[in-house]
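[1] got a structure for you, letters missing:
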């Protein structure tokens, strides 16, 4: 896995630095000790290429190959057509071009492991499991009409729908009870096997990165955490837990800024694991200018430099991380003015940021 793992680490660094302005808070360098469970907040779909390079370079994983981390990833990444079906905004022509592509066979070579749900799946998987069955016998009624409107024939088989022009529809979620029961029985077996594989990694002393929220936050809230984290820790018995948080700040000129925080590790608690981990993730989510501006505007107040200074002082007193760009007092007024101006241009970003600000303190 050496050269490919290194290439992915370098590629993610190039992507993250090109797409964002990244700032980091945490130890400048460290060793990723065996048996570390890395738990990260899930804010956007770009979280992995922001977190992974920091781990790769700061823990010198290019040199300490035996300490390299493993990743638990959504299982639909392993499907053909992921790049065409998953992104929400894409032209039909681009979807058709990307649909044949698949990286699934390469992911295990860079220590990416699928994690499946026993109760939900993508429509693609439902159809792919019964390729010679009529579509009408497989697809839920609520989705069948959309396929018909795209031109899928009434007599079509499931395999006829596995095409690029339907890619976005194929990535719609279906739930247990929709489609053949045999599919869901097999799905449950697969989900159990995926979980056991992650447990096995932990018991073997490997380090594993997971997103315990399960999906990117739809509204800015940090949490809740899924129940699987407790089971993974109880059965996998990691030596330590490393909380990692991200705070995106789009209320800027140019590229979105991101603050990545590596907090202090903790020993798995005997009780209340979920509450302890969630509290750590909230407490270690960095305060950004965008959060403050969005919060003040949501409360009907004009963001004021004095109030901003008070919030920064309060966060520091409580041990909460703050965007490193705000360390210099003279820069704060400029950052505040920049964020206030950007708020007028990006009103859709405000609810997410305000919710993030509030739940980090709840």
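    On my side now, so go ahead. The shown structure was predicted, so the numbers you read here are calculated from the model rather than taken from an experiment. Numbering: from 1, shown residues only.

[2] Could I get the contacting residues of residue 160?
    When contacts are counted by C-beta atoms under 8 Å, 6 or more residues apart in numbering, residue 160 touches 135, 152, 153. The C-beta positions use only the backbone N, C-alpha and C, and glycine is treated the same way.

[3] Of those residues - the most surrounded one?
    Highest neighbour count within the contacts of residue 160: residue 135, with 22 neighbours (other C-beta atoms under 10 Å).

[4] ok, so what distance separates that one from residue 127?
    As for residue 135, its distance to residue 127 is 7 Å (criterion: C-beta to C-beta, to the nearest Å).

[5] if I look at the two, which residues touch both of them?
    Jointly contacting residue 135 and residue 127 under the rule C-beta under 8 Å, 6+ apart are 158, 161.

[6] pLDDT score assigned to residue 142?
    Listed pLDDT for residue 142 reads 94.

[7] returning to that earlier point: would you mind giving the contacts of residue 160 as JSON lines with secondary structure, distance to residue 200 and pLDDT added?
    As requested, the contacts of residue 160 are exported to JSON lines (DSSP: H, G, I helix; E, B strand; the rest coil; distance: C-beta to C-beta, whole Å; pLDDT from 0 to 100):
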{"residue": "135", "secondary structure": "helix", "distance to residue 200": "38", "pLDDT": "95"}
{"residue": "152", "secondary structure": "coil", "distance to residue 200": "41", "pLDDT": "94"}
{"residue": "153", "secondary structure": "coil", "distance to residue 200": "45", "pLDDT": "93"}
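
[8] show me what contacts the closest residue to residue 133 other than its chain neighbours?
    If you skip the residues right next to it in sequence, residue 133 has residue 158 as its closest partner in space, 5.3 Å away by C-beta to C-beta, 6 or more residues apart in numbering. For residue 158, the residues meeting the contact criterion (C-beta under 8 Å, 6+ apart) are 127, 128, 130, 131, 132, 133, 134, 135, 138, 139.

[9] Can you tell me which of the residues you listed comes closest to residue 62?
    Proximity to residue 62 was ranked across the contacts of residue 158 by C-beta to C-beta; first place goes to residue 128, at 37.2 Å.

[10] burial count for the spatially closest residue to residue 27 that is not a sequence neighbour?
    Spatially, and ignoring its direct neighbours in sequence, residue 27 is nearest to residue 262 (6.6 Å; C-beta to C-beta, 6+ apart). By other C-beta under 10 Å, 23 other residues sit near residue 262.

[11] now the helices: where do they sit in the stretch 251-362 of the chain?
    With helices called from DSSP state H, counting those that start in this stretch, the stretch 251-362 of the chain shows them at 273-283, 289-298, 305-317, 329-345, 350-359.

[12] Select, out of those helices, the one closest to residue 45.
    For residue 45, the closest of the helices of the stretch 251-362 of the chain is helix 350-359, at 13.9 Å, according to C-beta to C-beta.
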